[in-house]
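# Below are the sequence and a predicted model; questions follow.
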Amino acid sequence: MTTQRWLITGGCGFIGTNLIIMLRQRIPNLTLCILDNLSIGRRETIMKIDPSIEVREADILDYKSCQNACSDCNVVIHLAASTGIAPSLNNPRVDFEINVRGTLNMLEAAREARVSSFILASSGAALGEVNPPYNEELAAKPTSPYGAGKLSCEGYTRAYTKSFGIPSTILRFSNVYGPFSLHKNSVVAKCMKNVLEKKSIIIYGDGSQTRDFIFVDDLCEAILCAIQKKGCGEIFHIGTNRETSIKDLVILIKQVIEREGKYRVEIAHMQRSEWEVVRNYADSTKAKKDLGFSIRTNLREGLQKTFDYFKESYTSQ
């Protein structure tokens, strides 16, 4: 493994940055390359981790750039994407171009390079309107352009494995949170930014809607587990097997933040959007059985680590 070269698309982003930190700790001699358009992530963040990492500033919509980045790589971890349901509702065409056409570009480049492993970052949104817990046997019923796009990416990835023999694994991520998510508008990140900006935490509706919150280090462990397996286009749900309501999450965030006595958490309510999924959590039994994946970080511990990062980041701005 130490003689290999791995490519991470979107590697300057939230998950990519945490993954690189883990890889440098576990496999220090591994050669890493990042393909990122730097629209969100920052090259400087990666350079602080390891200045020897190659960062190629390019877009996955540019096929030639995908070819060049893949040409001498053994493993491709495809994280680059337009994320979130709301942006896909605002501009479905952009969501399609980045997520579907960008993924097709990466798959074709990976096919030409004959990579030994292709990891696709997908989402539970691909399933859409189904009763939880989410598992790999449920029929997908996407309710948003984002979910439909991710389902299409999964289909193309599996097709490239079956048609061209590219070993691939599809990971459906649950709601990921953790350090280096300052730019994110996900639930945990928004709550913590609001507190530091002396704004109220917003709960939409009564807060009874549920999600599966997974700490980013645990998610990165799942990616590494998947790379060890010769993929055959299988899908795995990566989550905690735990259903947490937004109301309970906010209470826990309030406890973590106010414990120091420096910050005060105010809570406000707004109307819930019609398109919002009411219940969502994953059954990761298959990932545990076939990949050896397991959760190591409980929610309180993960929230504390995340808030410690947010405090430091806001102080340094």
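Done, it's in. Numbering: from 1, shown residues only.

# can we go C-alpha only for contacts and neighbour counts from here?
Will do.

# Tell me the buried residues in stretch 102-114?
By neighbour count, with 16 or more other CA atoms under 10 Å as the criterion, the buried positions of stretch 102-114 are 102-111, 113-114.

# Let's have those in CSV, adding pLDDT, distance to Glu137 and secondary structure.
Below are the buried residues of stretch 102-114 laid out as CSV (pLDDT from 0 to 100; distance: CA to CA, whole Å; DSSP: H, G, I helix; E, B strand; the rest coil):
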residue, pLDDT, distance to Glu137, secondary structure
Gly102, 98, 27, helix
Thr103, 98, 23, helix
Leu104, 98, 25, helix
Asn105, 98, 28, helix
Met106, 98, 27, helix
Leu107, 98, 24, helix
Glu108, 98, 28, helix
Ala109, 98, 30, helix
Ala110, 98, 28, helix
Arg111, 97, 28, helix
Ala113, 96, 32, helix
Arg114, 96, 30, coil
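
# and those as JSON lines, adding distance to Val76?
Listed next are these as JSON lines, based on distance: CA to CA, whole Å:
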{"residue": "Gly102", "distance to Val76": "14"}
{"residue": "Thr103", "distance to Val76": "11"}
{"residue": "Leu104", "distance to Val76": "13"}
{"residue": "Asn105", "distance to Val76": "12"}
{"residue": "Met106", "distance to Val76": "9"}
{"residue": "Leu107", "distance to Val76": "9"}
{"residue": "Glu108", "distance to Val76": "12"}
{"residue": "Ala109", "distance to Val76": "10"}
{"residue": "Ala110", "distance to Val76": "7"}
{"residue": "Arg111", "distance to Val76": "11"}
{"residue": "Ala113", "distance to Val76": "10"}
{"residue": "Arg114", "distance to Val76": "11"}
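
# Could you double-check that Ala125 lies in contact with Pro145?
No - when contacts are counted by CA atoms under 8 Å, Ala125 is not listed as touching Pro145 (9.5 Å).

# what about those two, which has more around it?
Remark: of Ala125 and Pro145, Ala125 carries more neighbours, 26 against 23, as counted by other CA atoms under 10 Å.

# dump the residue contacts of that one.
Going by CA atoms under 8 Å, 6 or more residues apart in numbering, Ala125 touches 142-144, 146-148, 150.

# Return the member of those residues nearest to His78.
Among the contacts of Ala125, Lys150 lies closest to His78 (CA to CA), at 12.3 Å.

# Buried by neighbour count: which residues of stretch 56-76 qualify?
56, 58-61, 63, 65-67, 69-76.

# Using CSV, write down the CA coordinates of it.
Output of stretch 56-76 as CSV, limited to C-alpha atoms (Å, rounded to 0.1, in the frame of the first residue of the first chain):
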residue,chain,number,x,y,z
ARG,A,56,-4.2,20.0,-8.8
GLU,A,57,-6.6,23.0,-9.2
ALA,A,58,-9.1,21.7,-11.8
ASP,A,59,-12.7,20.8,-12.2
ILE,A,60,-14.2,17.3,-12.6
LEU,A,61,-16.2,18.8,-15.4
ASP,A,62,-13.0,19.1,-17.4
TYR,A,63,-12.4,15.6,-18.7
LYS,A,64,-8.8,16.2,-19.6
SER,A,65,-8.0,17.2,-16.0
CYS,A,66,-9.7,14.0,-14.8
GLN,A,67,-7.6,11.9,-17.2
ASN,A,68,-4.3,13.6,-16.2
ALA,A,69,-5.1,13.2,-12.4
CYS,A,70,-6.0,9.5,-12.8
SER,A,71,-3.2,8.6,-15.2
ASP,A,72,-0.8,7.2,-12.6
CYS,A,73,-3.1,6.5,-9.6
ASN,A,74,-4.1,3.1,-8.1
VAL,A,75,-7.0,4.3,-6.0
VAL,A,76,-9.6,7.0,-6.7
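
# Poorly predicted segments of the protein, please.
1-3, 275, 315-317 (pLDDT under 70).

# measure Arg43 to Ser174 for me?
Arg43 sits at a distance of 26 Å from Ser174 (criterion: CA to CA, to the nearest Å).

# And for Glu97?
Distance, Glu97 to Ser174, using CA to CA: 23 Å.

# repeat for Arg242
Taken as CA to CA, the span from Arg242 to Ser174 is 11 Å.

# So between these two, which is more surrounded?
Per other CA under 10 Å, whichever of Arg242 and Ser174 has more neighbours is Ser174, with 25 against 18.

# That one against Ser123, yeah?
Yes - the pair Ser174 and Ser123 qualifies as a contact (CA under 8 Å) at a distance of 6.6 Å.

# Can you name every helix or strand that the longest helix seen in the chain contacts?
Across the chain, the longest stretch assigned as helix under DSSP state H is helix 145-164. Secondary-structure packing of helix 145-164 (3 or more CA pairs under 8 Å, 6 or more residues apart in numbering; DSSP states H and E): helix 85-90, helix 92-96, helix 102-113, strand 117-123, strand 168-173.
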